[in-house]
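S.K.: this is the structure alone, sequence omitted:
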């Protein structure tokens with residue numbers, strides 16, 4: 001089982017902090033059954049999430065993961081990102097984009113909610129469905145703010161970059177813009193004296209590239225570069241800068257911390273999660289309802305006519 005899990009991990013492009021991908025692979029190599037879930041939960045630093053979750057208020061009716069506090073709906077984007085919910089995501093605290101998307105659609109229909117706060121502490125994850133969910137954030141009818149309380153890396157930053165504002169904790173980290181895939185090749189026969197041999201069909205020479213050669217690595221890198229191009233374009237559009245700026249100023253695959261991220265244009269302000277929630281809640285409380293705004297505008301026009 002661990003070998004099959006490892007193969008599944010290595011067959012996917014990831015937009016994730018590379019150190020986390022190595023940790024996930026290491027867990028898969030030694031995991032059996034639910035031990036995989038338990039160890040990812042432990043190695044995934046779950047101990048830092050409860051404080052952020054507690055600050056986000058009470059569960060929002062009609063959603064699975066969203067909470068609400070003083071009219072601000074909070075969506076947690078925490079832990080490694082996967083496209084669909086599974087036993088692993090449910091028990092390890094990882095984020096499943098299908099659940100997050102369903103919650104966002106539910107929030108879109110709630111007149112009482114004016115602002116969505118995306119609370120981010122994630123190293124990134126699989127690239128599947130990330131672009132689609134990022135577009136949902138970009139096109140939301142609600143005001144969306146992202147707060148990076150810990151990590152906002154790779155796929156998590158891809159998503160956060162589509163918010164109208166990014167707030168980062170003083171010690172928060174954003175970046176790791178790029179795509180990675182893990183692979184292996186066999187140098188000697190295994191312990192049982194057997195060597196794996198893969199044969200592809202005649203017209204599919206790039207289906208199993210030889211990773212021990214520069215040519216084989218180039219085949220894989222071309223796929224990653226194609227995904228990265230979409231990633232860079234989305235970040236550039238979300239942040240209102242050029243793709244060239246993202247390439248040169250947004251860490252080149254590394255991360256920036258707090259004020260440094262703001263200075264580089266990767267975030268908009270430095271603040272704590274508590275302060276961000278208070279600021280957004282105050283804005284909701286003092287913002288007139290749509291009908292009140294329309295009535296006020298109508299009254300103002302009549303006064304001008306008078």
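M.R.: Nice, thanks for sending it over. Every value quoted in this text rests on a predicted model; they were computed, and no experiment measured them.
S.K.: just the strands in the chain please.
M.R.: Along the chain, counting by DSSP state E, strands occupy 14-16, 58-59, 67-69, 72-78, 81-82, 95-96, 115-122, 124-126, 143-153, 165-168, 173-175, 255-257, 269-270.
S.K.: need those in JSON lines (columns: mean neighbour count, mean pLDDT and distance to residue 220).
M.R.: Bear in mind the C-beta positions are built from the backbone N, C-alpha and C, glycine included. Output for the strands of the chain, formatted as JSON lines (neighbours: other CB atoms under 10 Å; pLDDT from 0 to 100; distance: least, CB to CB, whole Å):
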{"stretch": "strand 14-16", "mean neighbour count": "28", "mean pLDDT": "66", "distance to residue 220": "13"}
{"stretch": "strand 58-59", "mean neighbour count": "10", "mean pLDDT": "82", "distance to residue 220": "42"}
{"stretch": "strand 67-69", "mean neighbour count": "20", "mean pLDDT": "87", "distance to residue 220": "40"}
{"stretch": "strand 72-78", "mean neighbour count": "25", "mean pLDDT": "91", "distance to residue 220": "28"}
{"stretch": "strand 81-82", "mean neighbour count": "25", "mean pLDDT": "87", "distance to residue 220": "21"}
{"stretch": "strand 95-96", "mean neighbour count": "24", "mean pLDDT": "84", "distance to residue 220": "26"}
{"stretch": "strand 115-122", "mean neighbour count": "26", "mean pLDDT": "93", "distance to residue 220": "25"}
{"stretch": "strand 124-126", "mean neighbour count": "26", "mean pLDDT": "84", "distance to residue 220": "16"}
{"stretch": "strand 143-153", "mean neighbour count": "26", "mean pLDDT": "93", "distance to residue 220": "21"}
{"stretch": "strand 165-168", "mean neighbour count": "25", "mean pLDDT": "96", "distance to residue 220": "31"}
{"stretch": "strand 173-175", "mean neighbour count": "26", "mean pLDDT": "93", "distance to residue 220": "23"}
{"stretch": "strand 255-257", "mean neighbour count": "20", "mean pLDDT": "93", "distance to residue 220": "24"}
{"stretch": "strand 269-270", "mean neighbour count": "16", "mean pLDDT": "96", "distance to residue 220": "38"}
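S.K.: of those, which is nearest residue 222?
M.R.: strand 14-16 (16.6 Å; CB to CB).
S.K.: mind checking the end-to-end distance for stretch 108-124?
M.R.: 25 Å (CA to CA, to the nearest Å).
S.K.: now swap in stretch 117-135 and tell me
M.R.: 16 Å.
S.K.: how near is residue 138 to residue 153?
M.R.: The gap separating residue 138 from residue 153 is 19 Å, by CB to CB, to the nearest Å.
S.K.: in JSON lines: the strands of the chain, plus distance to residue 238.
M.R.: Listed next are the strands of the chain as JSON lines, based on distance: least, CB to CB, whole Å:
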{"stretch": "strand 14-16", "distance to residue 238": "14"}
{"stretch": "strand 58-59", "distance to residue 238": "29"}
{"stretch": "strand 67-69", "distance to residue 238": "24"}
{"stretch": "strand 72-78", "distance to residue 238": "15"}
{"stretch": "strand 81-82", "distance to residue 238": "17"}
{"stretch": "strand 95-96", "distance to residue 238": "19"}
{"stretch": "strand 115-122", "distance to residue 238": "12"}
{"stretch": "strand 124-126", "distance to residue 238": "16"}
{"stretch": "strand 143-153", "distance to residue 238": "10"}
{"stretch": "strand 165-168", "distance to residue 238": "9"}
{"stretch": "strand 173-175", "distance to residue 238": "12"}
{"stretch": "strand 255-257", "distance to residue 238": "16"}
{"stretch": "strand 269-270", "distance to residue 238": "16"}
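S.K.: now do residue 170: how many residues are near it, please.
M.R.: Other residues within reach of residue 170 by the criterion other CB atoms under 10 Å amount to 10.
S.K.: what residues are up against it?
M.R.: For residue 170, the contact set (CB atoms under 8 Å, 6 or more residues apart in numbering) comprises 258, 259, 270, 272.
S.K.: so what pLDDT did it get?
M.R.: In this model, residue 170 is scored at 94, pLDDT.
S.K.: and for residue 300?
M.R.: 48.
S.K.: now this structure, which segments are flagged as low pLDDT?
M.R.: Along the chain, segments meeting pLDDT under 70 span 1-55, 85-93, 182-197, 284-306.
S.K.: ok so, going back, now, of the contacts of residue 170, which are buried?
M.R.: Neighbour-count burial (16 or more other CB atoms under 10 Å) applied to those gives 258, 270.
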